[in-house]
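Asks: just a sequence and a predicted model for now, questions to come.
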Amino acid sequence: MAQSAVGFSPGHISGYFRRVDGESPELTGSCGGGIVIDKGVHALVTPAEKTSVSVHVARSPDEDTCIAHTSPPVEYALQRLGVSAAVKTVTTLPPGAGFGLSAAALLATLAAANALFETGLSEEALARIAHESELEYQTGLGDVAACTGGGIVCRMHPGITPDIIRMKGEGVRISALSFGELHTADVITSPVQMARVQEAYTPECAKSPEDFFRISRRFAEKSGLVSDEIRPVLEACDDHGIPASMTMLGKGVFALGDKSFSVLSEFGIPVDLQVAEQGFRLIEVIP
């Protein structure tokens with residue numbers, strides 16, 4: 001067996017969604033639209049007698065900080081895969097801010113573990129394990145499905161399905177600003193919040209990046225999820241004619257175009273993003 005393996009998955013910013021509760025994980029999750037982003041999570045997987053997971057945030061290419069010494073969804077996914085390993089996940093994005101990092105950590109880990117332990121599962125099978133883990137721990141509904149590929153996505157059905165419309169976003173620049181964590185489970189398990197989300201959702205797919213932001217902003221406003229903290233940022237974007245909305249589910253704003261970075265910079269330190277061209281994948285196996 002090889003010494004270790006590295007996997008990567010892009011993150012995902014959801015713009016609008018509707019929760020769907022089915023009779024099985026295959027029929028449960030969400031419909032909606034989002035953007036698969038070029039930044040996400042790298043996972044280094046090494047064989048071990050007992051599974052352990054450490055979660056790191058990289059401050060620079062040579063420096064990262066461990067922010068957690070466990071990840072129940074990742075540990076559950078490895079158990080479902082039938083292996084035990086030491087896992088180190090690393091991201092440059094802020095956790096809990098609506099970048100789909102829980103899904104990205106699962107997919108990056110499974111891509112690496114699948115190669116390292118030669119379990120021979122297809123990408124679809126790995127995605128199903130990751131999706132099941134997200135549902136089990138209430139960390140996400142549709143991010144895994146989105147991150148099986150790149151682009152600006154429109155998902156008309158829940159679960160892991162090839163029936164996803166992906167619009168290429170070559171050259172499309174996005175900026176995002178986070179004001180801290182928003183616990184996904186607090187929102188998706190709230191009957192009141194989910195009722196407003198269901199009412200705000202419209203089943204339409206964007207025809208352009210600008211159209212995606214139009215649909216997302218309308219959803220954010222109608223859902224009642226926009227907080228007083230991010231309202232001034234959205235209004236500043238409006239004043240500059242920049243399409244913008246709230247990251248779902250995170251306490252943050254994402255905006256479209258080259259001018260968006262400077263406008264968001266008035267409120268904090270934004271992240272510069274591109275639309276990802278492809279989804280989760282194995283990076284390398286280290287002999």
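Replies: Noted; the coordinates are in hand.

Asks: now the host helix or strand of Leu44: mean pLDDT?
Replies: For Leu44, the enclosing helix or strand under DSSP states H and E is strand 29-47. Per-region confidence: strand 29-47 scores 97 on mean pLDDT.

Asks: what's downstream of that strand, the next helix or strand?
Replies: Downstream of strand 29-47, the first helix or strand assigned by DSSP H and E is strand 52-60.

Asks: what's that next one packed up against?
Replies: In terms of contacts (3 or more Cβ pairs under 8 Å, 6 or more residues apart in numbering; DSSP states H and E), strand 52-60 is packed against strand 63-68, strand 85-91. Glycine gets a C-beta too; all of them are placed from N, C-alpha and C.

Asks: now do the longest one: everything it contacts.
Replies: I take that to be strand 85-91. 11, 39-48, 51-58, 64, 71, 74, 78, 101, 104-105, 108-109, 113, 116-117 (Cβ atoms under 8 Å, 6 or more residues apart in numbering).

Asks: paired strands for that strand, with orientation please.
Replies: Paired strands of strand 85-91, with direction, are strand 29-47 (antiparallel), strand 52-60 (parallel) (DSSP bridges).

Asks: looking at the ones you listed, which is closest to Ala195?
Replies: Closest to Ala195 of the strands paired with strand 85-91 is strand 29-47 (Cβ to Cβ; 14.8 Å).

Asks: hang on, the earlier thing: which of the contacts of strand 85-91 count as buried?
Replies: For the contacts of strand 85-91, a neighbour count by 16 or more other Cβ atoms under 10 Å gives the buried set as 11, 39-47, 51-57, 64, 71, 74, 78, 101, 104-105, 108-109, 113, 116-117.

Asks: now the helices: where do they sit in this protein?
Replies: All helices of the chain, identified by DSSP state H, fall at 72-81, 101-116, 123-137, 143-146, 184-188, 191-200, 209-223, 231-239, 260-264.

Asks: which of these comes out lowest on mean pLDDT?
Replies: Within those, confidence is poorest for helix 184-188, with a mean of 74 (mean pLDDT).

Asks: mind listing what's buried along it?
Replies: Neighbour count says helix 184-188 has 184, 187-188 buried, by 16+ other Cβ under 10 Å.

Asks: list of residues touching that helix?
Replies: With Cβ under 8 Å, 6+ apart as the contact definition, helix 184-188 has outside contacts at 19, 96, 102, 137-141, 193-194, 225, 249.
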